[in-house]
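Chemist: build me a structure from this.
(one chain, ligands or ions: 1)
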Amino acid sequence: MQTIPQGGTIGILGGGQLGRMMAMAAAQLGYRCIGYAPEGDNVASPVCADFFTKDWDDRPALAAFAQKCDVITWEFENVPVDTVKALPQDRVPCGHRALEVAQDRMAEKRFVEGLGGRPAPHAAIHSADDITQAAERIGTPAILKTCREGYDGKGQWRVDSAHDLSGLPTPTQPCVYEGFVRFDAEFSVILARGQNGEIRFWDSALNEHEGGILARSILPAPDHVTRHIEAARDLARQVADALHYVGVLTLEFFATADGPVFNEMAPRVHNSGHWSIEGAATSQFENHIRAICGLPLGDTATLGSVEMRNLIGAETGSAFSLLSDPANHLHLYGKASAREGRKMGHVTRVTRV
Ligand code: AMP
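Modeler: Numbers count the residues shown, from 1 in each chain. As a prediction, the model looks like this:
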């Protein structure tokens with residue numbers, strides 16, 4: 001791939017807040033962005049030069065979109081693989097293989113195991129009988145997860161004891177039964193890989209979840225996280241190299257007494273990297289744009305102690321009051337309705353050391 005010249009156009013598949021922040025980083029480098037998503041009422045379109053509100057399988061619309069773009073990326077890992085395959089492949093540096101792997105929890109676990117990574121004990125589920133057998137082998141507590149489309153704890157059922165098994169839905173789609181990992185903490189490894197194969201890692205934050213949704217990312221992470229970083233980075237590097245991936249890639253882990261346990265991966269910028277906008281020398285959004293445009297990657301160093309807090313649901317009602325503390329950096333995504341569990345914005349605080 002060539003370097004995308006100044007003033008070039010970046011296509012973004014998906015219209016969420018990740019696309020919004022990606023387009024804002026692209027604008028800083030003089031690029032313009034065009035979005036594409038089936039939903040017109042989205043938060044990326046207000047910061048894009050143009051937006052295609054078209055279905056994922058609308059081939060003429062995809063062709064017209066591609067024709068306007070010098071390079072194409074995504075902000076949402078459930079973009080159908082066939083949509084990406086329908087685009088001119090020389091304009092899709094991230095490659096569709098990363099999406100294919102990350103869209104299916106079983107495929108993702110197999111892929112990572114093949115590279116020596118360790119996921120939670122798990123079993124593929126296609127029927128109610130499979131659940132009974134998995135529960136006998138793996139035990140409880142456990143979580144039943146749909147293989148596809150689940151995020152932020154959606155499409156997941158907790159199994160605290162064998163009594164709960166009778167209350168589980170009959171699987172109508174492939175699922176995975178996952179033994180519950182007794183972890184000390186959760187963290188993610190976020191890296192950017194350039195077109196020349198160069199990889200840069202951001203420091204890993206301690207990620208605190210509430211109700212399956214990321215609540216906070218805190219840096220520096222405590223020792224019980226940092227002691228696992230080297231092993232986790234080794235795996236993340238292998239994943240990125242094996243996929244010939246270009247851009248920002250995220251792997252989520254549980255820190256346990258026996259080492260890092262792989263949870264899931266996202267071939268995109270990630271909520272647990274939002275702190276990097278003000279807390280790192282170069283943000284995940286800027287480095288993703290640099291990578292896909294064939295530019296050199298920026299320094300990923302952390303600039304101090306950082307805390308990023310997600311603003312979820314009705315929490316944004318009084319968001320401007322956060323600005324009474326001059327150290328707070330407020331990000332609002334411009335979503336109209338504050339549904340419960342919806343990520344509406346985030347606030348980051350950096351204490352320089
Ligand atoms: P996921 O959508 O798979 O990332 O799950 C959302 C959150 O649920 C994770 O960040 C964990 O807090 C929790 N979780 C998911 N799977 C497991 C597991 N196997 N063991 C323990 N906690 C889990």
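Chemist: flag every residue of this protein that's near the ligand.
Modeler: Within the chain, the positions lying close to the ligand (CB under 6 Å from any ligand atom) are 120, 143, 150-151, 153, 178, 180-181, 186, 209, 212, 252, 263-264. Placement of C-beta: from N, CA and C, glycine included.
Chemist: if you rank those residues by neighbours, which is first?
Modeler: Looking at the residues of the chain next to the ligand with neighbours defined as other CB atoms under 10 Å, the largest count falls to residue 178 at 23 neighbours.
Chemist: looking at this, it is in a strand?
Modeler: Yes. Assignment of residue 178 by DSSP: H, G, I helix; E, B strand; the rest coil places it within a strand.
Chemist: show me what contacts it?
Modeler: 120, 121, 122, 138, 142, 143, 144, 145 (CB atoms under 8 Å, 6 or more residues apart in numbering).
Chemist: hmm, the fifth one is touching residue 180, no?
Modeler: In other words, residue 142. Yes. Counting by CB atoms under 8 Å, residue 180 is a contact partner of residue 142 at 5.5 Å.
Chemist: make a markdown table out of the residues of the chain next to the ligand and add pLDDT, distance to residue 339 and secondary structure.
Modeler: Formatted as a markdown table, the residues of the chain next to the ligand follow (pLDDT from 0 to 100; distance: CB to CB, whole Å; DSSP: H, G, I helix; E, B strand; the rest coil):
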| residue | pLDDT | distance to residue 339 | secondary structure |
| --- | --- | --- | --- |
| 120 | 97 | 30 | coil |
| 143 | 95 | 23 | strand |
| 150 | 74 | 17 | coil |
| 151 | 68 | 15 | coil |
| 153 | 68 | 15 | coil |
| 178 | 97 | 27 | strand |
| 180 | 96 | 28 | coil |
| 181 | 97 | 29 | coil |
| 186 | 98 | 24 | strand |
| 209 | 96 | 19 | strand |
| 212 | 87 | 15 | coil |
| 252 | 98 | 24 | strand |
| 263 | 97 | 25 | strand |
| 264 | 96 | 23 | strand |
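Chemist: so where do the helices sit in this protein?
Modeler: 17-28, 59-68, 81-85, 96-102, 105-114, 128-138, 223-226, 229-242, 276-279, 284-292 (DSSP state H).
Chemist: for residue 9, which of those helices is the nearest?
Modeler: helix 59-68 (6.0 Å; CB to CB).
Chemist: list the contacts of residue 284.
Modeler: Here residue 284 is in contact with 190, 192, 202, 248, 269, 270, 273, 274, 276, 277 (CB under 8 Å, 6+ apart).
Chemist: hmm, 7 Å instead?
Modeler: 190, 202, 248, 269, 273, 276 (CB atoms under 7 Å, 6 or more residues apart in numbering).
Chemist: just residue 59 next, same as before
Modeler: Going by CB under 7 Å, 6+ apart, residue 59 touches residue 86.
Chemist: the same query, at a cut-off of 10 Å, please.
Modeler: 82, 83, 86 (CB atoms under 10 Å, 6 or more residues apart in numbering).
Chemist: for this protein, which spans come out with low pLDDT?
Modeler: Across the chain, the ranges flagged by pLDDT under 70 are 1, 151-153.
Chemist: redo that, cut-off 80
Modeler: 1, 150-154, 353 (pLDDT under 80).
Chemist: would you map out the domains in it?
Modeler: 9-92, 121-179, 185-352 (automatic domain parsing).
Chemist: sorry, back to before: format the residues of the chain next to the ligand as TSV; extra columns: distance to residue 197.
Modeler: TSV is the format used below for these (distance: CB to CB, whole Å):
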residue	distance to residue 197
120	30
143	36
150	32
151	29
153	35
178	33
180	37
181	32
186	29
209	33
212	35
252	23
263	26
264	24
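Chemist: right, I'll leave it there.
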